[in-house]
Every structure is written in C-alpha cells, then in structure tokens.
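>>> Pasting a predicted model and its sequence here:
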Amino acid sequence: MADPQPSFTRGLFAGVVHDSLLFPYPKRLDLRDADEARTVRKIIRRLRELDGNLIDSAKFDEEETIGDEVIAEFARMGMLALTIPKKYGGLELSSSAYARVFAALSSIDASLAVLVGVHCGLGAKAIVLHGNDAQKERYLPPLARGDFLAAYALTEPEVGSDAQNMRATATVQPDGSWRLNGRKIWIGNGHRAGVIATFAQATVERRGESVPRLTAFLIRPDMPGFRVVGTVRKLGIRGSTQAELSYEDLSVPADHLLGSIGRGFSVAVHVLNAGRLTLAAGCTGGAKKTLEKMTSYAEERVQFGHPLADFEITQRKLSRLACDIYASDAMLGILASLIERGDNDYSLEAACAKVFASELVWRAADDMVQLAGGRGFVKPYPYERILRDSRINRIFEGANEVLRLFIALNGVQAPADALKEVGSALRRPLRNLGLLGGYATSRVRLRLGATSTLDIGVHEQLRKHKEFFEKHIAELGGATDRSIIRHREKIIDRQLVLERLANMAIDMFATACVIARTQSLIDERGVEKCGREIALCGLFCVEAGRRFRGNRERLDAREEGVDDGRRAVAADVRLGKGYFVTDAILEE
C-alpha cells in the first residue's frame, strides 16, 4: 500500500525503510546559494562580535529582561527578518540557513534565542504560512524591520498540550467581526508584541451540528478588550519575557481571521512542526557550546594530580556528548532537507529531532554542573545559568512525553491512508473487526512489497552498522505488530508501551541520519580524512543499538507484570497523597 506522503519514521514502525528520503545526505554547508551562505556567515560573525558586549547574558539573567538597544541592533542586522520572504523585506532564509543562524544564536544566549524563535519561527511564520496577501502586506514588512515583535499565543491556564480542548472562545458578530474571550499564559514576547497569532474555539457546522472548532486569528494590543495581565518569573531563560494575556470581549476585525474558520488546529500544527527544527537547532548549538566549556574545564581542573580529562568517567561523558551532538547535527540536516523538499510528511522527524536534541542539551548542562562541582552551583560561574536555561527545552514546542506518544501513535496507525479509521477501530475493536483485519493484511502486504533493508552502498567501515540497523528495523516492525495484537483497543492507553516504541524509532531515525552523514563525508573527503567522524558514527550506532535492544526487551510480555506493579504503586501513592508507608516512630 503506497504512502501518498511518505514519512521515514512512520515507515520504520512497519519495518520499511524509505531510504530515498535520507540518502544521499544533503549538503547543508552549501545552503541554497552563495548569496545565502554569505548572509549566514555575516550574521554569525556579527553575533560573535556582540557576544560579551551588547549581548551580556549575565545581565539579561540578573535583570530579567533584554534591552531595547539589543532588539534594535538585531533588527539592523536582519535577525528579525530571517523567515520573512524577500518581497516583504525579509531575508527568506532556507530551513538549513535558518537552523545554522539559530544554532549560533542559541550557543551565545538562550533568552535571545527564545525572543527570536518566537518572533521569526512562530509569530511571523504563522503569517507567512497562513496569512492572506493583505495580512502579509500589512504585518510582514514592519516585522522584518523590527518596528515591533511578533508573538504566538496558544497555551492557556487549563490547557497545555491538549490544544483541541482550548477554553478561549470566538463569537462572530453581525458585521463579521469577532469577539474573543479567554486567557493565555506564558506567551513569549506577549508584553511587547505588535501582532500576535492566537487561537480560540469558534462554532462551525459539521454534519448538521453546531460544534466548537479551533480557529486562528491575528490580534494587536491596541484592539479593545486586550490586556496584558502581567509577566512571570522563571527558573531559566530569564532575559526573555513570558506574559499572561486576557481577552475580554476582544474585538477582532473580520479581516484578521488567520486561515479559515475551524482550521486553527492545522495552523498550529504546521507552525509548530516548522518551529521544532528551530528548537532542535538551538539545542544542538547550545550542547556544542557546553561541550566546549566542559572540555576546557576538564583540561584545566586538576584533582588527585591529574586533569579531570584524564579520568575515564569524564571521558565517558565527553564521548557520549560528542557522538550525540554528531547525531543531532545529522538529524538537523535531514530535517531541514525534508522541509525544503515539500513532498513528504516530516512531522514525526521534527518530533524526533526535538525530543533528541532537547534531552541532549539538558544532559550536557547537567554533566557540566557535575563536572564543575561546587563551581557548577554558584555564581558568577555561568554553569548554573546554563542548566536553568536548558530545562525549558523539554517542555517548549510540545512536552517530550506528549511528542513520544505522538510519534508512536502515528507509527502504529500506519499506513497513512488508514490513520483515522484504524484509530477508531482500535478504540472500538468489536465493532470494527473487519477493518482491523484489513489493516493487519495491509501491513503484511506492505512487508512483502518492501523490505527492511537500506538499499544504498556504504563504505566497509559502516557496513556492520548498516546491517544492525536493518536488523533493528525488522524487529521494530515486528514489535509494533505484536503490541497492536496484544493490546488491541487499549494500545492508545498503554503509554509505557508507546513510549518504548517511540524511543526505538527515535534511535533508529538518528542512526540512519548518522550513517547517511558519515557516508557523505567519506564520499566527499575520502575515508583517510574521516577517522574522527567514523569513530563518532561507530560509538553512536553501538550506544543507540543498546538502547534499542533495552526498549525491545521491555516490550516482552513478561514486562507487563512490571508495568502492572508500576500502576499499582502509583495508585497507592495517589491514595496516600504521597509516600504512604507509615513511620512507626513518628506515629507513637
């Protein structure tokens, strides 16, 4: 059964390798053309000049704000125009170029990365992707010039990842305008933005019934009924500002509807999918910078007569971070290429890259603090700030737990043209036995019509990794089938099973990207000049394979008893409102 919008990661759950999506590896360094490459180099060079001068991370953190003079300089150098088309005064960078600039910015200051990411990657991007011509003409030129910032208001006090159940409402008026009511929280740039892409539930007709459906709008702070309630103090990224917004009969003109009525969820998904490339790039850039600091510290700090870098435990930390950064970089190159191609569904790859990179940068920051010891915990050393700044990435752009479920649930419902029907069947198996049977048959046909092999040539030094990758993909397809058969309609609620399947897929997507990147470098430079890259590839493939096998073994039926035990203990904790074992001494 053909997949009309192929996805490399979705195919993995069926034991199928869409190798043409990853091979040959894209030449990221070439970018779109020479002009774009010059633009990227110029921006990154200017960012490095500003680092430690106008960009003062300690000051941003201490004062919990970024000064207007910094934003003005960013506007002058084009940092606020990165994703805006040239016809509206922007730079219109390709996905690869934008990722490179954002990675460089994130390695310098996380708060500035949030400000630019919200402006370019969310607020302005929503208008670029879904705005009509009039909306683009009105808002994109001033956003590119930096006349004001853009924001993106989705999250609500009672609704985080479950956006379809948003509480904010939009009511159409007789003149075609709208009245919005609701609250939004933690909105980056919300207190200083000139235009905000936001979402509310509007009533639409579906099959003869009036039902609420998410709808997108553009709003401005000068619209009657708009109010900034305040800003929040945060654990990290303190230089950026997150605001709470209130819509109290907010009057929105009819021409500020973004997209069409009832299609807001699609708007949100498309913007966030693109934004996950940005976030993954930022996390990877931050991890590179942290590894650089770790290496310097480990060489300079002497304990027991030796630099910390001489100790094997330190070497384990350095080597794992290095090979994982190599993998994350490889995933970024593939993801940017998939976005530019436009002939595939890259949503799962974006989720994989975001989960992998955000956990990488957190682990790098934690290892840095541990290596620095007491210095890692106190100011004026920067390490505690790096740790605080890194934590939010596992929550931004979709919490990693939710993204793992998103990856796995999409995977188990492949092939793509059966997604909705199979999802319904899994909830109601007795009513849909025929459909489930057809689904299983289609998977068998898919398995017979395609293979788990990676049909590309690789150098001898990569052959073993390729063979293990192919073996693991066949195992992932089998594990997915067994999980569906074993749990049937309950698979949707078996989050521990889904988490393991997602982790297996993430590691296999990363492995494929690493093999593709390494083979490309060998083709370009020759094997003699790629010793370090081959070593990074080898270490990553081995470590990822071990993680894969661990997750596969935990899908065994015997693990169900352990999962039952987890659920039982969690139930006791809930019943006891915390730790439930009585301390006899305290009870006397």
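Nice, thanks for sending it over. Only a predicted model underlies this, so the values are computations on that prediction, with no experimental measurement involved.
>>> I'd assumed S452 was in contact with V16.
Yes. Using CB atoms under 8 Å, V16 makes contact with S452 at a distance of 6.9 Å. All C-beta atoms are positioned from the backbone trio N, CA, C, and that covers glycine.
>>> who has more neighbours, the two?
Using other CB atoms under 10 Å as the criterion, V16 and S452 rank with V16 on top: 25 against 21.
>>> Wasn't the more buried one part of a helix?
No. Counting by DSSP: H, G, I helix; E, B strand; the rest coil, V16 is located in no helix; its state is coil.
>>> so what's A150 up against?
The neighbours of A150, taking CB atoms under 8 Å, 6 or more residues apart in numbering as the test, are 118-120, 122-124, 127, 139, 143, 189, 193-197.
>>> for it, helix, strand, or coil?
Secondary structure assignment for A150 (three-state DSSP): strand.
>>> So in terms of bridging, what pairs with it?
V195 (DSSP bridges).
>>> now it: how far from G123?
Separation of A150 from G123 (CB to CB, to the nearest Å) stands at 3 Å.
>>> got any residues that touch both of those two?
Contacts common to A150 and G123, judged by CB under 8 Å, 6+ apart, are L143, N189, A193, V195, I196, A197.
>>> Name the residues contacting each of V16 and S452.
The contact lists of V16 and S452 share I473, G477, where a contact means CB under 8 Å, 6+ apart.
>>> OK, contacts around the closest residue to Q242 other than its chain neighbours?
Among residues not flanking Q242 along the chain, W186 sits closest, at 4.4 Å (CB to CB, 6 or more residues apart in numbering). By CB under 8 Å, 6+ apart, the contact list for W186 reads T155, V232, Q242, A243, E244.
>>> Repeat the analysis, applying 10 Å as the threshold.
Going by CB atoms under 10 Å, 6 or more residues apart in numbering, W186 touches 153-157, 160, 231-232, 234, 242-245, 392, 395-396.
>>> before we move on, the earlier item: out of the contacts of A150, which are inside strands?
Among the contacts of A150, DSSP state E puts A193, G194, V195, I196, A197 in strands.
>>> In these, which residue is surrounded by the most others?
A197 (29 neighbours).
>>> Farthest-apart pair in the ones in strands among the contacts of A150, please.
Between any two of the ones in strands among the contacts of A150, the greatest separation by CB to CB is 12.1 Å, found for G194 and A197.
>>> list residues touching both of those two?
With CB under 10 Å, 6+ apart, G194 and A197 have common neighbours G123, Y139, A150, A151.
>>> elements contacting the host helix or strand of N551?
In the assignment (DSSP states H and E), N551 maps to helix 531-553. Applying 3 or more CB pairs under 10 Å, 6 or more residues apart in numbering; DSSP states H and E, one finds that helix 531-553 contacts helix 312-341, helix 460-487, helix 495-525.
>>> what distance separates it from the centre of its chain?
22 Å (CA atoms, centre = their mean, to the nearest Å).
>>> Check which residues of the longest helix along the chain are buried.
Ranked by residue count under DSSP state H, the longest helix found in the chain is helix 264-300. By 16 or more other CB atoms under 10 Å, the buried positions in helix 264-300 come out as 264-265, 267-268, 270-291, 293-295, 297-298.
>>> May I have the secondary structure class of P26?
Recorded secondary structure, P26: coil (three-state DSSP).
>>> For it, which residues are in contact?
Contacts of P26 (CB under 10 Å, 6+ apart): S96, G333, I334, L335, A336, S337, L338, E340, R341, A516, R517, S520.
>>> tell me the domain ranges of the protein?
The chain breaks down into these domains under automatic domain parsing: 26-149, 151-266, 406-573.
>>> need the least confident one among the helices and strands packed on helix 531-553, by mean pLDDT.
Least confidently modelled of those is helix 460-487, at a mean of 93 by mean pLDDT.
>>> How about that helix, which residues are buried there?
Buried residues in helix 460-487, counted by 16+ other CB under 10 Å: 461-462, 465-466, 468-470, 472-477, 479-481, 483-484, 487.
>>> Adding pLDDT and distance to A535, write the ones in strands among the contacts of A150 out as CSV.
Shown next, in CSV, are those (pLDDT from 0 to 100; distance: CB to CB, whole Å):
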residue, pLDDT, distance to A535
A193, 97, 46
G194, 98, 50
V195, 98, 49
I196, 98, 48
A197, 98, 45
